[in-house]
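In: Just need the structure, nothing else, for what follows:
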Amino acid sequence: MAQPHQLTLLAQRAALRAGELDPVDLAEHYLRRIERHNATVGAFLTVTADRALSEARAARARLSAASRAGTAPDRLPLLLGVPLPVKDLTPVPGVRFTAGSAVFADRIAGAGAHVGQSLSEAGSVLLGKTNTPEFGLPPYTEGRLGPPARTPYDLTRGAGGSSGGAAAAVAAGLAPAAQGSDGGGSIRIPASCCGLVGVKPSRGRVSPAPLGDVAGLAVAGPLARTVRDAALLLDVLAAPVPGDPVPLAPPDRPFLAWCDALEHAPRRLRIGRWARPDVPGVEVDPAVLAAYEDASRLLEALGHDVVDVPQPLAPGDRDTFTPVWAVLAALPPVPPDRERDLMPLTRWLREQGRAASGVEYARALLAMQAVGRKLAAAVEPFDAVLTPTLAQLPAPVGALRDDADPAADFAAQVAFTPFTGPWNIAGLPSLSLPLGRTAAGLPIGVMLGARHGAEGPLLALAAQLE
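Out: So this is what the prediction gives:
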């Protein structure tokens, strides 16, 4: 008989609703696993055991009452009794909120984010806050508050970032799925490193309320072991709020329902593809290219047309991202006497951000929009686009981080992740799908992207490939 953590999110939900799993037993199972394995994989910065058990008892009572009353399962909250974590860039009222920084090691969140509220209203049980690098800036999760987040497939290698703790938790069986956020690849990068499905939704799909995202780069999304699990979690997260800066109408059907679309009504899709980075001098690992070619052949075997497309961005196009990222790094209000306690990369970016004038920042935003339009124009003729997720295999812990030379650190980050950031610049949806493995068993993700607002068809294609 499968252990509870071996069940998918959907299977856990079904077992809870059928009375085959008890919410308190399930929460206790995950809390024991976190206690046993967290120091090894670096998944959680804060574990909310007491809160999890209290919420699990409330879910038990609600499920029991629904069973006695004969309530139909579709009348229950989508995730009632399912234990899930929240990334520590997302505040949850009354819970420690570090943003991955030692400067805020003891901060307790007052107000919360709409994303966390959506998870709570869906009935999920909060396991804790997952590990993230300082302010979510780099694509590795190595900070001063806890051990680095590692991929369970090879504990010498990192889980990626900045949602590295969330990915490590799911891959190591410390949570059935997890919420992450993605401003330049921060969901898809760890999904690739940890053998998961990671979805970056379209700009406007998930509300950034109450604070928002001034540059439009970052969006919350799901990390899960299957496409259907990711779709269900996206159904919960994709709740609009009046006044959102980029409103996007809800889909015509749940994202979970989309996952059967191509299986039940298959049709021939036109898929564009490219694997050449726009960053000069960056080479793609042969194993990554092999996974990309395998995915292309699989698409063709499923009856789709796969078309080679030139890299739509020119060298230097993505340079518009850097000054915007630096300004975002400078936004967290750090007391002046604590700046020295920040990571070297954070200080380096904040110095650049503070040095930019308002006019320079506005010009960078305009230039970034022009680059986003280039990518959107290249994607528009296709039902989906295929690229590698990363240029390299999961990086050894410490290989990308360079405290002595933050500029070299940043260059290494770009070389590691040349394919992810442009989708944030354009605000288009994309996801990493774990279709490849090396001979040694390391996971390799491939990335699918689509037009703005097309998460449903994108998830349908991903489910067909899965």
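In: For the closest residue in space to residue 163 that isn't next to it in sequence, what is the enclosing helix or strand?
Out: Among residues not flanking residue 163 along the chain, residue 180 sits closest, at 3.1 Å (C-beta to C-beta, 6 or more residues apart in numbering). C-beta: built from backbone N, CA, C; applies to glycine. Following DSSP states H and E, one finds residue 180 within strand 177-182.
In: Just checking: what are the partner strands of that strand?
Out: strand 219-224 (antiparallel) (DSSP bridges).
In: could you give the mean pLDDT of the strand it pairs with?
Out: Average pLDDT, strand 219-224: 98.
In: Repeat that for stretch 270-288.
Out: Across stretch 270-288, the average pLDDT comes to 98.
In: Can you mark which positions in it are buried?
Out: 271-275, 277-279, 282, 284, 287-288 (16 or more other C-beta atoms under 10 Å).
In: One more: stretch 345-363?
Out: Neighbour counts over stretch 345-363 (16+ other C-beta under 10 Å) mark 345-350, 352-353, 356, 361 as buried.
In: and what of stretch 260-268?
Out: 261-262.
In: again with stretch 109-119
Out: For stretch 109-119, a neighbour-count test (16+ other C-beta under 10 Å) marks 109, 112-119 as buried.
In: Disregarding residues adjacent in the polypeptide, which is nearest to residue 254?
Out: residue 235 (5.0 Å).
In: name the helices or strands packed onto the helix or strand containing that neighbour?
Out: Following DSSP H and E, one finds residue 235 within helix 227-237. When contacts are defined as 3 or more C-beta pairs under 8 Å, 6 or more residues apart in numbering; DSSP states H and E, helix 227-237 packs onto helix 9-17, helix 114-121, strand 177-182, strand 197-200, strand 219-224, helix 255-258, helix 455-465.
In: Nearest to residue 131 among those would be which one?
Out: Among the helices and strands packed on helix 227-237, strand 177-182 comes nearest to residue 131, with 10.9 Å by C-beta to C-beta.
In: mind saving the C-alpha coords of the next helix or strand along the chain from the closest one as PDB?
Out: Per DSSP H and E, strand 177-182 leads on to helix 188-194 as the next helix or strand towards the C-terminus. Output in PDB follows, covering the C-alpha atoms of helix 188-194 (Å, rounded to 0.1, in the frame of the first residue of the first chain):
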ATOM      1  CA  ARG A 188      10.600  26.600 -13.700                       C
ATOM      2  CA  ILE A 189      14.300  26.500 -12.700                       C
ATOM      3  CA  PRO A 190      13.800  24.500  -9.500                       C
ATOM      4  CA  ALA A 191      11.100  22.400 -11.300                       C
ATOM      5  CA  SER A 192      13.800  21.400 -13.800                       C
ATOM      6  CA  CYS A 193      16.400  20.700 -11.100                       C
ATOM      7  CA  CYS A 194      14.000  18.600  -9.000                       C
END
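In: who touches helix 188-194?
Out: Residues outside helix 188-194 that contact it (C-beta atoms under 8 Å, 6 or more residues apart in numbering) are 139, 141, 149, 151-153, 157-161, 163-164, 166-168, 170-171, 180, 182, 196-198, 200, 223, 389-390, 394, 416-417, 420, 430-432, 434, 443-445, 447.
In: Could you report the separation of residue 47 from residue 127?
Out: From residue 47 over to residue 127 the distance is 7 Å, taken as C-beta to C-beta, to the nearest Å.
In: Now the common contact residues for the two.
Out: 31, 34.
In: on that earlier part again, mind checking which of the buried residues of stretch 270-288 are in helices?
Out: 287-288 (DSSP state H).
In: just to revisit the earlier point, state the mean pLDDT of the strand holding residue 180.
Out: The model assigns strand 177-182 a mean pLDDT of 98.
In: quick one, it and helix 227-237 angle?
Out: When axes from the mean of the first three to the mean of the last three C-alpha atoms, to 10 degrees is applied, the directions of strand 177-182 and helix 227-237 differ by 70 degrees.
In: got the CA coordinates for strand 177-182 in CSV?
Out: Provided in CSV are the C-alpha atoms of strand 177-182 (Å, rounded to 0.1, in the frame of the first residue of the first chain):
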residue,chain,number,x,y,z
ALA,A,177,2.7,20.3,-4.0
ALA,A,178,3.8,23.8,-3.3
GLN,A,179,3.2,27.5,-4.1
GLY,A,180,6.1,29.3,-5.7
SER,A,181,6.7,32.6,-7.4
ASP,A,182,8.6,33.4,-10.6
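In: where's the spatially most central residue of the chain relative to residue 35, distance?
Out: What sits nearest the mean C-alpha location of the chain, by C-alpha atoms, centre = their mean, is residue 187, with 2.3 Å. Distance from residue 187 to residue 35, counting by C-beta to C-beta: 26 Å.
In: Give me the residues contacting the lowest-mean-pLDDT helix or strand in the chain.
Out: Among the helical and strand segments of the chain, the one scoring lowest on mean pLDDT, DSSP states H and E is helix 261-264, with a mean of 81. With C-beta under 8 Å, 6+ apart as the test, helix 261-264 has contacts from 456-457, 460-461, 463-464.
In: got the CA positions of it in PDB?
Out: The C-alpha coordinates for helix 261-264 follow below in PDB (Å, rounded to 0.1, in the frame of the first residue of the first chain):
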ATOM      1  CA  ALA A 261      -8.600  18.200 -23.700                       C
ATOM      2  CA  LEU A 262      -6.000  16.800 -26.100                       C
ATOM      3  CA  GLU A 263      -6.600  13.200 -24.900                       C
ATOM      4  CA  HIS A 264     -10.400  13.300 -25.500                       C
END
